[in-house]
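**Student:** need a 3D model of the following:
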Amino acid sequence: MLVYYLLLIMFFFGVIMFFMKKKHILMMLVSLEFVVLTVLLMMLNFLVLFSYDSMLIIYFIIIMVCEAVIGLVVLTLLVRTHGNDYFKSSSLLMC
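**Tutor:** As a prediction, the model looks like this:
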């Protein structure tokens, strides 16, 4: 039971860090990956506890890797076009 409380604390810590680190997009991506990793651990504990099929974990890991790659591609394009990873410079893309 202690593991679930620790995972919830980790999840909320990651969400708080996501909303606090709005200056750099790289820090936002790292905190988002931390949140997704804790959700993966929660799912893994849940599936092991109730002995469900583990194919759901494989699908979730595939989606997790895809969203990480898309985030890094957007970050790379932003750095190449604007020269930095500040969140304020991404508002120039809306014009």
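
**Student:** where's the closest residue to Leu41 other than its chain neighbours relative to Ile57, distance?
**Tutor:** Nearest residue to Leu41 in three dimensions, chain neighbours excluded: Leu7, at 5.7 Å (Cβ to Cβ, 6 or more residues apart in numbering). Heads up, the C-betas are built off the backbone N, CA and C, glycines and all. Computed as Cβ to Cβ, to the nearest Å, the Leu7 to Ile57 distance reads 15 Å.

**Student:** list the helices and strands the longest helix that the chain contains packs on?
**Tutor:** The single longest helix within the chain, with elements called by DSSP state H, is helix 55-82. Contact partners of helix 55-82 among helices and strands, from 3 or more Cβ pairs under 8 Å, 6 or more residues apart in numbering; DSSP states H and E: helix 25-49.

**Student:** tilt between the helix it packs on and helix 55-82?
**Tutor:** Between the axes of helix 25-49 and helix 55-82, defined by axes from the mean of the first three to the mean of the last three Cα atoms, to 10 degrees, the angle is 180 degrees.

**Student:** contacting residues around helix 25-49?
**Tutor:** 3-4, 7, 10-11, 14-15, 17-18, 21-22, 52-54, 56-57, 60-61, 64, 67-68, 71-72, 74-75, 78, 85-87, 90 (Cβ atoms under 8 Å, 6 or more residues apart in numbering).

**Student:** mark which of those residues are buried, thanks.
**Tutor:** Buried by 16 or more other Cβ atoms under 10 Å: Leu7, Met10, Phe11, Gly14, Met17, Phe18, Lys21, Gly71, Leu75, Leu78, Asp85, out of the contacts of helix 25-49.

**Student:** mark which of those residues are part of helices, please.
**Tutor:** Leu7, Met10, Phe11, Gly14, Met17, Phe18, Gly71, Leu75, Leu78.
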